[in-house]
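> Below are the sequence and a predicted model for it; my questions follow.
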Amino acid sequence: YQGDENDVVILSLVTSKPANRFVALRNRYIVALSRARLATIVIGSREAVAGERGPEHWRRLLSDLEEPSSEVAEKRIGNQLKLCCPRHRLQSQIQVKDGDDFPKTAFCTLPCSYILPYCQHQCQEPCHSIRETPHTTHCSQLVQRPCALHSDVPLECSTVLKATPTASSLEEALLEYKCECKVIWHRPECGHSIRLTCHEKKLVEKKEMTLEPCDEVVDDWYHPECNHPRVAPKCHERRHWETDPPKCTKQITHQRKCDCCVTIPCYERKVVDEQPCHAEKTCQRPRCTHHLSLRCWQASQIQAIWQDSDWNGASVDKVVTVEHGVSYGPSEKDYWSIKPSFVGIVPAATIPVCKVPVHYRASCGHIIPNIMCFEAFECASHRSPRPEPECKLDVPFTSSVCGHTLRGPCCLALKSRQLNRIVDERSCVKLSSN
């Protein structure tokens, strides 16, 4: 340790045995007591160094410590150790006798004398070392509130400085400070109350600040057109609806003029009847009574056109029978060409032709089965370009060549009769010419 120094040196004699050779050495004594710059504290037994057999230099030291010095006006030896704050030596002192007497924290209870630069108030921490504890950052010193309405409400310095981070001093911060005390403000548009800060209330009164719409839940509102309620609306919503009612979006079941029911928003009930009904519908074809699947508005138009006409329908006896030469009216696909108002409402391409097998009574009077319905009706019309199907029924007929009676298909008999008629007409022409 020779050659080193410390501010404070604590020397422990370790043993209490008198005339200890290690302690008695003068050179070690000199080195031990000359290493401290500020204070040397010796802990040990007086009998070990200052008894009858103790070394002279130790006895002389203890004798000097029994007397006051120019710096300490009391004895500097005893069974207790006096400790004091280096900043407040006279105001803060304690006596330590054993290890339990040492303070667990800083024992100086006097306040720190440091002046805070941003507000010029004294640091509120107890006496401390800035290496272990920084100066206070939360100044609890009370200042005068700048708001005249709440001048009696306590205001801490730290609250002001926190609310005005750009201020460079407390005076500047107080000028910028906005009073945060809560007050009651009654909305002029509805009378509902709201809690604002004092500063916000002043801005609202000057019309320099606009509040959010009133969200207070109020009584139900009933729509003036349908009387459907809007349950528990907010205040600003109801006030707006009272002057400008919105569309009622409540889902309702509406019965259209065609008796079809549809689920729609309430506000659409006025216009839905003016639009075509797209509900699925199954109706009967007017000519053949076979079922036809369409949209409701298409079926209604077809029925309306048929009822306004004098067309005939086919006879139905278990199976539809179409008669040759009877006027049944046009196909559903041709309605648009008959009634101009039907054009564009029911496009012809949307209505399929009827291909259900039916019976067809040919011009010969025989019934031909399994003819597609639309072909049978086309054959029945005199103006149709479609030829009549050939009748295959086996019938007797007279040969135009030899006059013998034969049996064969009805269509062949019809051709034989036509040939006989041609031959007779030619013979008649020859006789008349002779």
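Yes, it's here. Numbering: from 1, shown residues only.

> Tell me, how many residues neighbour residue 270?
Residues lying near residue 270 (other C-beta atoms under 10 Å) number 10. In this view, the C-beta of every residue, glycine as well, is placed from N, C-alpha and C.

> Packing partners of the helix or strand it falls within?
For residue 270, the element it lies in under DSSP states H and E is helix 269-272. Judged by 3 or more C-beta pairs under 8 Å, 6 or more residues apart in numbering; DSSP states H and E, helix 269-272 is in contact with strand 251-255.

> low-scoring stretches of the stretch 301-434 of the chain, by residue?
Confidence mapping of the stretch 301-434 of the chain against pLDDT under 70 gives the ranges 309-318, 335-350, 382-384, 400-401, 418-434.

> just the strands in it please.
Listed in chain order, the strands of the stretch 301-434 of the chain (DSSP state E, counting those that start in this stretch) span 315-317, 319-323, 357-361, 367-372, 394-398, 405-409.

> List the buried residues in the helix holding residue 270.
Neighbour-count burial for helix 269-272 flags residue 269 (criterion: 16 or more other C-beta atoms under 10 Å).

> got a markdown table for the strands of the stretch 301-434 of the chain, with mean neighbour count too?
Listed next are those as a markdown table, based on neighbours: other C-beta atoms under 10 Å:
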| stretch | mean neighbour count |
| --- | --- |
| strand 315-317 | 11 |
| strand 319-323 | 19 |
| strand 357-361 | 20 |
| strand 367-372 | 15 |
| strand 394-398 | 13 |
| strand 405-409 | 13 |
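
> out of these, nearest to residue 178?
The minimum distance between residue 178 and the strands of the stretch 301-434 of the chain falls on strand 367-372, with 91.1 Å, by C-beta to C-beta.

> Name the nearest residue to residue 295, sequence neighbours excluded.
Of all residues not flanking residue 295 in the chain, residue 278 sits nearest, at 5.2 Å (C-beta to C-beta, 6 or more residues apart in numbering).

> give me phi/psi at that neighbour?
Note on residue 278: its backbone torsions stand at phi -100, psi 20 [degrees, to the nearest 10].

> Test my guess that it contacts residue 296.
Yes - counting by C-beta atoms under 8 Å, residue 296 is a contact partner of residue 278 at 6.9 Å.

> Of those two, give the one with the bigger neighbour count.
Higher neighbour count among residue 278 and residue 296: residue 296, with 18 against 12, using other C-beta under 10 Å.

> tell me the contacts of residue 200?
Residue 200 makes contact with residue 209, according to C-beta atoms under 8 Å, 6 or more residues apart in numbering.

> That one looks like it's in a strand, true?
No - using DSSP: H, G, I helix; E, B strand; the rest coil, the assignment for residue 200 is helix, not a strand.

> Identify the residues contacting residue 24.
Residue 24 neighbours (C-beta under 8 Å, 6+ apart): 49, 54-55, 58.

> Identify, from those, the entry nearest to residue 399.
Nearest to residue 399 among these is residue 49, at 172.6 Å by C-beta to C-beta.

> Surely the closest one forms part of a helix?
Yes - when three-state DSSP is applied, residue 49 is found to be in a helix.

> What is the neighbour count of it?
Look at residue 49: counted by other C-beta under 10 Å, it has 23 neighbours.

> same deal with residue 305?
Neighbours of residue 305 under the rule other C-beta under 10 Å: 21.

> hmm, back to that, possible to save the strands of the stretch 301-434 of the chain as TSV with distance to residue 164?
Converted to TSV, these look like this (distance: least, C-beta to C-beta, whole Å):
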stretch	distance to residue 164
strand 315-317	98
strand 319-323	97
strand 357-361	97
strand 367-372	95
strand 394-398	119
strand 405-409	116
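
> so which of these comes closest to residue 252?
Of all the strands of the stretch 301-434 of the chain, it is strand 315-317 that lies closest to residue 252, at 41.6 Å by C-beta to C-beta.

> Noted, bye for now.
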